[in-house]
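J.: Here is my input; please provide its structure:
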Amino acid sequence: MKPSIAILAGLLAAATACGGGTAENSSNAARSGDLGTGVNTVDRPYAKPAADVWDASVSAAKSYDLKIESDRHDRMGGELIARRAAGERVSIRVRSVDDRSSTVSIRVEPGDRNLANLLHDRIGEKLGGQAKTGLFGGSSAEGTYTAALPRCVAAAEGALKAGDFELTKREVTESSAVLEGRRTDTVPAAIRISKDGDSRKAVFVVGSGKNAGNQAAADRLKADFERAVASAQGN
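T.: Next comes the predicted model:
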């Protein structure tokens, strides 16, 4: 009996060691790429039926030259699986909330939130510019500045970063600029800079509706922008 007990104890110890190693490896994998944890999944609501949002999602994926591997959906939503040229997996899930609204969850392995946000922006454009026009109803602040456009653009990037907005769009011309960002809670923000005589006019917009929280965030964007412009002028 003693040898049997010894053998059993050895097997249990080996199993425990293997289990511990597996848990540690899983934890390391999750930290390195979010594998299945959802940390890098980007969710956004859309004021459109699931069928319309699904069509826009497929079109958005194709516009970025993603290779579609599977397409499973019905009128309540579905899941689209695609691959980038380098092989990274892209998952787009559409879920109906009611007859007039839906939610979309996008995850790009191994945690590419930037592309996920770009896909969301493209979906909004396909749905009639929702991603752009939604900001027009947000809370706003504005100001006029004598700084040159490049300095204003740099200050806008710094203000978005300070407000925890991930930059999703940056368009700069000879006389104007538009920078947009989005927080992890999906709240959007935009800073639009245009020529105003010999000065620059900057408009700071946060959210898709007017409320105290969005107004406070817009005022903070403006304050951070002005601090960055003043700092650059002082150097």
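
J.: Alpha carbons of the one helix or strand residue 124 maps to, as CSV, please.
T.: Element membership for residue 124 (DSSP states H and E) is helix 113-126. Below are the C-alpha coordinates for helix 113-126, written out as CSV (Å, rounded to 0.1, in the frame of the first residue of the first chain):
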residue,chain,number,x,y,z
ARG,A,113,-7.6,49.9,-29.8
ASN,A,114,-6.6,52.4,-32.5
LEU,A,115,-7.8,50.3,-35.4
ALA,A,116,-10.9,49.4,-33.4
ASN,A,117,-11.7,53.1,-33.0
LEU,A,118,-11.0,53.7,-36.7
LEU,A,119,-13.5,50.9,-37.6
HIS,A,120,-16.1,52.5,-35.3
ASP,A,121,-15.6,55.8,-37.0
ARG,A,122,-16.0,54.3,-40.4
ILE,A,123,-19.2,52.5,-39.3
GLY,A,124,-20.5,55.9,-38.1
GLU,A,125,-19.7,57.4,-41.5
LYS,A,126,-21.4,54.6,-43.3
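
J.: quick one: contacts of that helix?
T.: Identification of contacts with helix 113-126 by C-beta atoms under 8 Å, 6 or more residues apart in numbering yields 40-42, 44, 46, 53, 55-57, 59-61, 63-64, 90, 92, 104, 106-108, 130-132, 134, 166, 168-169, 180, 182. For every residue, glycine as well, the C-beta is placed using N, CA and C.

J.: Give me the distance from that helix to the chain's centre.
T.: Here helix 113-126 shows a centroid-to-chain-centroid distance of 8 Å under the convention C-alpha atoms, centre = their mean, to the nearest Å.

J.: Next: stretch 70-84.
T.: A distance of 20 Å separates the C-alpha centroid of stretch 70-84 from that of its chain, computed with C-alpha atoms, centre = their mean.

J.: most centrally placed residue in the protein?
T.: With distances taken as C-alpha atoms, centre = their mean, residue 117 lies nearest the centre of the chain, 3.7 Å away.

J.: what about it, distance to residue 223?
T.: Residue 117 sits 25 Å away from residue 223, going by C-beta to C-beta, to the nearest Å.

J.: Residue 152 now?
T.: Taking C-beta to C-beta as the criterion, residue 152 is separated from residue 223 by 15 Å.

J.: between those two, which one's more packed in?
T.: It is residue 152, of residue 152 and residue 223, that has more neighbours when counted by other C-beta atoms under 10 Å, with 25 against 15.

J.: Wait, that one touches residue 193, no?
T.: Yes. Contact between residue 152 and residue 193 holds when scored by C-beta atoms under 8 Å: they sit 5.0 Å apart.

J.: who touches both of the two?
T.: Between them, residue 152 and residue 193 share these contacting residues under C-beta under 8 Å, 6+ apart: 177, 200, 202.

J.: Inside strands: which ones of those residues?
T.: Secondary structure assignment by DSSP state E places 177, 200, 202 of the shared contacts of residue 152 and residue 193 in strands.

J.: Which one of the residues you listed sits in the busiest neighbourhood?
T.: With neighbours taken as other C-beta under 10 Å, the top of these is residue 202, carrying 26 neighbours.
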